[in-house]
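S.K.: Sequence first, then the predicted structure, then my questions.
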2 protein chains.
Amino acid sequence: MPTKARKLRPGGETPRRTTVHGKLDDGGTRQRLVDATAQIMHDEGYAAATSRRVAAKAGVKQALVYYYFPTMDDLFLAVLRSGAETALEQLRKALTEDDPLRALWRLNCDPRQTVMSTELMALANHRKAIGAELRNFAERVRDIETAAVTMSLRSYGVDLEAYPPVVIAMLVAQLARSVSNESAVGLTRGHEELRQFVEAQFAMLSR
Amino acid sequence: MPTKARKLRPGGETPRRTTVHGKLDDGGTRQRLVDATAQIMHDEGYAAATSRRVAAKAGVKQALVYYYFPTMDDLFLAVLRSGAETALEQLRKALTEDDPLRALWRLNCDPRQTVMSTELMALANHRKAIGAELRNFAERVRDIETAAVTMSLRSYGVDLEAYPPVVIAMLVAQLARSVSNESAVGLTRGHEELRQFVEAQFAMLSR
DNA sequence: GTCTATACTGCGATAGAC
DNA sequence: GTCTATCGCAGTATAGAC
């Protein structure tokens, strides 16, 4: 008797309605809808982010979703843009630290971000508009990362022809993401070795 | 709005035979359902792989899906297992080539596989059973890759303490996948530089 | 093994009151 | 700006005939 029909019910957690002037308005309805969508996407996948589920989590009625977003795709796009702004700000801030390479590694290890990223990647593979926006975002990220890595490598006296900054940036960021992605499903084989290897390379630079 | 044309080119190499009743039995209904699901997942994402769509693509009626698979999750699991078997076979074959490292790179550049992999990863992040199966598969892959890389590095006289094979295997495979993933959404910035860099490292080994 | 038929739930989206 | 109400359709899944 295998369990069938595992319909998931909304968690039941009610939104924090910080009643300021008798109205429930913590950050604006539009942003609450975006946040609710992002959380559902992270927790259960984009397919679970329906207008009804999103509205319930944001504490409004379903039809209101369509007042702010003509279609669900527009809502997904807003989630991407909102997340992108936050991520870019985080990135710029972190890369001004004394060690951009280690910061780059650390940032891309954030499991919350990699799970969300996987979800958006899957979405982007099948929705043209989202693919275009994700690409645009990723290019901006790469440029910022490359600039920071360039300065870092130069300060270490590394030959930038032999070790192009854009390559090092991709290497560090993408490997960190891979590790995080794998960890998300419980796969850790080789992770510790990779971490030590990367750290050893970092250490070699400041030798 | 896809036409109702029957799909007669499943990815698999299952022998096609006609039964006494004159019906085309290319690999069996079960496998056709799995193949149809895989194709829909690849083309439109897992959310589009519904029992109705799958049945239509496989040329059977919707209810028959539930004769072979108690729930849609079981069908997804079958897709994963089927793909995993194929991938493992491909992997073992490719890694017996004269140059396992380049083979590893090439294999993980296959866009078809990376798109599907993203889809399964997203699914795995939210469905326990799929996560467990994906992890199991990934571990087997990593072991095979590591063994091949070990032999390769040893033949090049590389210091296996300084360059642990499992690390090199992850590095090559995951970077190739990253490039492929990005290409899928039209992002190519830094790709050519990375390719050249990786090739240069490979060339240095056989120096 | 495959079909028809159906139960029930949830979906995206719209109309129109307040 | 938010709501109620509703349309039409697609989703998973089951029952039972052949």
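M.R.: Yes, it's here. Numbering: from 1, shown residues only, chains lettered A, B, ... in the order given.
S.K.: how about low-confidence regions in chain A?
M.R.: A:1-26 (pLDDT under 70).
S.K.: ok and the residue in it nearest DNA strand D?
M.R.: A:Ala63 (3.1 Å; Cβ to the nearest atom of the strand). Using the backbone N, CA and C atoms, a C-beta is placed for each residue, glycine as well.
S.K.: Chain B versus A:Met121, what's the distance?
M.R.: The gap separating A:Met121 from chain B is 5 Å, by Cβ to the nearest Cβ, to the nearest Å.
S.K.: Is the longest helix along chain A in proximity to DNA strand C?
M.R.: As assigned by DSSP state H, the longest helix anywhere in chain A is helix A:128-155. No: residues of helix A:128-155 contacting DNA strand C under Cβ under 7 Å from any atom of the strand: none, with a closest distance of 12.7 Å.
S.K.: What are the buried residues along the helix or strand hosting A:Asp43?
M.R.: Taking DSSP states H and E as the criterion, A:Asp43 maps to helix A:29-44. Neighbour counts using 16 or more other Cβ atoms under 10 Å in any protein chain shown place A:29-30, A:32-42, A:44 of helix A:29-44 among the buried residues.
S.K.: now stretch A:133-144
M.R.: Under 16+ other Cβ under 10 Å, the buried positions of stretch A:133-144 are A:Glu133, A:Leu134, A:Arg135, A:Asn136, A:Phe137, A:Ala138, A:Glu139, A:Val141, A:Arg142.
S.K.: thinking again about what came up before, any idea how far the longest helix of chain A is from the middle of the chain?
M.R.: 14 Å (Cα atoms, centre = their mean, to the nearest Å).
S.K.: Please enumerate the helices of chain A.
M.R.: Counting by DSSP H, chain A has helices at residues A:29-44, A:51-58, A:62-68, A:72-94, A:100-107, A:111-124, A:128-155, A:165-184, A:191-205.
S.K.: Using CSV, write out every CA atom in the third one.
M.R.: What it means is helix A:62-68. In CSV, the C-alpha atoms belonging to helix A:62-68 read as follows (Å, rounded to 0.1, in the frame of the first residue of the first chain):
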residue,chain,number,x,y,z
GLN,A,62,-6.0,35.2,-5.2
ALA,A,63,-7.4,37.6,-7.7
LEU,A,64,-5.2,40.4,-6.3
VAL,A,65,-2.1,38.7,-7.7
TYR,A,66,-3.4,39.5,-11.2
TYR,A,67,-3.8,43.1,-10.3
TYR,A,68,-0.1,43.4,-9.7
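S.K.: Which parts of that helix count as buried, going by neighbours?
M.R.: A:Leu64, A:Val65, A:Tyr68.
S.K.: so who does the last one touch?
M.R.: If I follow you right, that is A:Tyr68. For A:Tyr68, the contacting residues are A:Thr29, A:Arg30, A:Leu33, A:Leu75, by Cβ atoms under 8 Å, 6 or more residues apart in numbering or on different chains.
S.K.: got it, and A:Thr146?
M.R.: A:Thr146 neighbours (Cβ under 8 Å, 6+ apart): A:Pro165, A:Val166, A:Ala169, B:Gly190.
S.K.: Now, of those residues, which are buried?
M.R.: Using 16+ other Cβ under 10 Å, the buried ones in these are A:Pro165, A:Val166, A:Ala169, B:Gly190.
S.K.: how close does the last one sit to A:Gln174?
M.R.: To A:Gln174, B:Gly190 is 10 Å away according to Cβ to Cβ, to the nearest Å.
S.K.: Repeat that for the first one.
M.R.: Separation of A:Pro165 from A:Gln174 (Cβ to Cβ) stands at 14 Å.
S.K.: just A:Gly59 next, same as before
M.R.: A:Gly59 is 38 Å from A:Gln174, by Cβ to Cβ.
S.K.: try A:Ser51
M.R.: 34 Å.
S.K.: now, among the buried residues of helix A:62-68, which is nearest to B:Ser82?
M.R.: Nearest to B:Ser82 among those, counting by Cβ to Cβ, is A:Val65 at 37.7 Å.
S.K.: and chain A, what are its domains?
M.R.: A:11-69, A:76-205 (automatic domain parsing).
S.K.: wait, which of the contacts of A:Thr146 is closest to B:Ala87?
M.R.: B:Gly190 (26.9 Å).
S.K.: In contact with the closest one: list those residues for me.
M.R.: A:Arg142, A:Thr146, A:Val166, A:Val167, A:Ala169, A:Met170.
S.K.: Backbone dihedrals for it, please?
M.R.: Backbone torsions of B:Gly190, given as degrees, to the nearest 10, read phi 90, psi -10.
S.K.: if I look at it, how far off is A:Thr146?
M.R.: Counting by Cβ to Cβ, the gap from B:Gly190 to A:Thr146 is 7 Å.
S.K.: can you check A:Arg102 too?
M.R.: 16 Å.
S.K.: just A:Gly45 next, same as before
M.R.: 32 Å.
S.K.: likewise A:Tyr156?
M.R.: Taken as Cβ to Cβ, the span from A:Tyr156 to A:Thr146 is 16 Å.
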